[in-house]
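Colleague: How does the following fold in three dimensions:
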Amino acid sequence: MLTVDFKKLNLDSGYRVLDAGCGGGRHLSEAFRYSNVTVVGLDLDREDVTKAKNTLRIMEYEGEGGKGPWGVFIGDVTSLPFCDESFDLVICSEVLEHVHDHKKAIAEIIRVLKPGRLLAVSVPRFLPERICWMLSTSYHTEPGGHVRIYKKWELVNLLESAGLKCISSGWAHALHSPYWWLKCLVGHKNDNFWLVKLYHKFLVWDIMKHPRITKILEKLLNPLISKSIVLYLRKGEQYET
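Modeller: Numbers count the residues shown, from 1 in each chain. Purely as a prediction, here's the structure:
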């Protein structure tokens, strides 16, 4: 399930791509499909890093990758272990809402991005996320949980003041918002509740089958209740690291 729209990223042969906060590697594995692209993932969670590595290994073995080099590491987005201007594209999806020092994380991401290149950022959308917070305290107070909710204009201003220019935006996963509201209502870790299980089964079916009806439904609902907002930004040519 992709949050970032790869059609907007203009991935070219020879690009070096960083997925900062890669989780289990959903965007990392999509970038790996492109021919002659180097992909690098980084995340704090050891289990997620292992999962991402295994996914790329399987893709490589089955010939599903673009044959470019790859690496996945345990690391912190507030202290990236890479040289200045190392990457042609950085993806940071559903990460900043977890990071206490988000300004430092943004500065690090911009530091390793080449001038003129793109950064794709996604975070939970304000209203759907606010409803989750209202329905469940533990949803956002447990360790590793969300520490803030962004309004779109706040995030755009934060990123542009750091040296980026927002060139496009979008929404994603409207059908997932009611699922999380339901989980927060009955206990966000209560996956055995029958309605949660039923909704989850529906979402898995949608992800696997990509039926036309849910594509239409999500397109209609995304402007209203999308779970995530996605920003596409370009680093200024004159940005100084």
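Colleague: Pull out the buried residues from the strand ranked longest in the chain.
Modeller: Assignment by DSSP state E gives strand 113-124 as the longest strand of the chain. For strand 113-124, the neighbour count (16 or more other C-beta atoms under 10 Å) marks 113-114, 117-124 as buried. (Each C-beta comes from the backbone N, C-alpha and C, glycine too.)
Colleague: One more: stretch 191-210?
Modeller: By neighbour count on 16+ other C-beta under 10 Å, the buried set for stretch 191-210 is 196, 199, 206.
Colleague: Pass me the low-pLDDT residue ranges in the protein, would you?
Modeller: Scanning the chain for pLDDT under 70 picks out 238-241.
Colleague: For it, list the residue farthest from the centre, please.
Modeller: Trp194 (28.5 Å; C-alpha atoms, centre = their mean).
Colleague: What distance do you get for it to Ser138?
Modeller: To Ser138, Trp194 is 21 Å away according to C-beta to C-beta, to the nearest Å.
Colleague: and Thr55, how many neighbours does it have?
Modeller: 19 (other C-beta atoms under 10 Å).
Colleague: I misspoke; the intended subject was Val77.
Modeller: Counted with other C-beta under 10 Å, Val77 comes out at 23.
Colleague: now the longest strand of the chain, how far from the centre of its chain.
Modeller: 11 Å (C-alpha atoms, centre = their mean, to the nearest Å).
Colleague: now swap in stretch 5-20 and tell me
Modeller: On the basis of C-alpha atoms, centre = their mean, stretch 5-20 sits 13 Å off its chain's mean C-alpha point.
Colleague: Equivalent analysis for stretch 210-220, please.
Modeller: 21 Å.
Colleague: ok, now stretch 41-52?
Modeller: Here stretch 41-52 is found 14 Å from its chain centre; the criterion is C-alpha atoms, centre = their mean.
Colleague: neighbouring contacts of it?
Modeller: Contact with stretch 41-52 is made by 18-25, 28-29, 70-77, 80, as judged by C-beta atoms under 8 Å, 6 or more residues apart in numbering.
Colleague: Without its sequence neighbours, what residue ends up closest to Phe82?
Modeller: Counting by C-beta to C-beta, 6 or more residues apart in numbering, Phe82 lies nearest to Val112, which is 4.7 Å off, once chain neighbours are set aside.
Colleague: Run through the residues that contact that neighbour.
Modeller: Residues in contact with Val112, defined by C-beta under 8 Å, 6+ apart, are 18, 80, 82-87, 90.
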